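**Student:** Below are the sequence and a predicted model for it; my questions follow.
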Amino acid sequence: MNQSLELWLVRHGESTYNAEGRYAGWSDPPLTEAGTAMAAALAPRLADNVFEGIWRSDKVRTEHTARLAGFPDANVDIRLREVDFGQMEGKTYFEVGEELRHQLRSFADFQAPGGESTAQVRSRVHDFLAGLPSGKHLVFCHGGWIRCVLAECGTDRFPDKAEICRVKWPERVLLEDPA
């Protein structure tokens, strides 16, 4: 088990699927113009920090966010992916129906049809975090991934696009936003 970690979890900037109200788990939509601006605005907020590790998922939206935020050489790890939405991938929020939207909003026991459950995502989260050495780590990832961590800190919410969430782990303490 690792010592204490300070995690700086960054959700990617707005993607084309976000702008269209589509589910983009393992799909690979690029950032919009607004998403590009959101990612670039992260650079001054992150610039004066030293991180023991810098990570991102293998999706283009996290790659572009990391690069625009000033971290083009972030380590890639597929465990940082969003929920695999299976049959929901690429569909709009309205196309999937109210029942699936309700289940996803409640999140804890969600199972995407033909895709992943939130329990499987939590398993990926724990597997990734267990392998990190102690210290401060910057992680560019996705809303569902971050929501799994926040829920364990007593704050079950979906992060905004390009939001930085700071967490002390394994203590599960949410830290103040670095502003």
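**Tutor:** Sure, I can see it.
**Student:** Give me the residues contacting the lowest-mean-pLDDT helix or strand in the chain.
**Tutor:** For the chain, using mean pLDDT, DSSP states H and E, the weakest element among its helices and strands is helix 98-106, scoring a mean of 87. Helix 98-106 has contacts (Cβ atoms under 8 Å, 6 or more residues apart in numbering) with Met88, Tyr93, Asp109, Phe110, Gln111, Pro113. (C-beta placed from N, C-alpha, C; glycine too.)
**Student:** Just the buried ones out of those, please.
**Tutor:** Met88, Phe110, Gln111 (16 or more other Cβ atoms under 10 Å).
**Student:** so who does the second one touch?
**Tutor:** Residues in contact with Phe110 (Cβ under 8 Å, 6+ apart) are Val83, Gln103, Leu104, Ser117, Thr118.
**Student:** repeat for the first one
**Tutor:** For Met88, the residues meeting the contact criterion (Cβ under 8 Å, 6+ apart) are Tyr23, Gly25, Val96, Leu100, Ala112, Pro113, Gly115.
**Student:** Pick out the most distant pair among the contacts of helix 98-106.
**Tutor:** Maximum pairwise distance among those (Cβ to Cβ): 19.4 Å, between Tyr93 and Asp109.
**Student:** leaving aside the residues next to it on the chain, what's closest to the residue nearest the centre of the chain?
**Tutor:** Residue closest to the average C-alpha location in the chain (Cα atoms, centre = their mean): His142, at 2.2 Å. Nearest residue to His142, sequence neighbours excluded (Cβ to Cβ, 6 or more residues apart in numbering): Glu82, at 3.5 Å.
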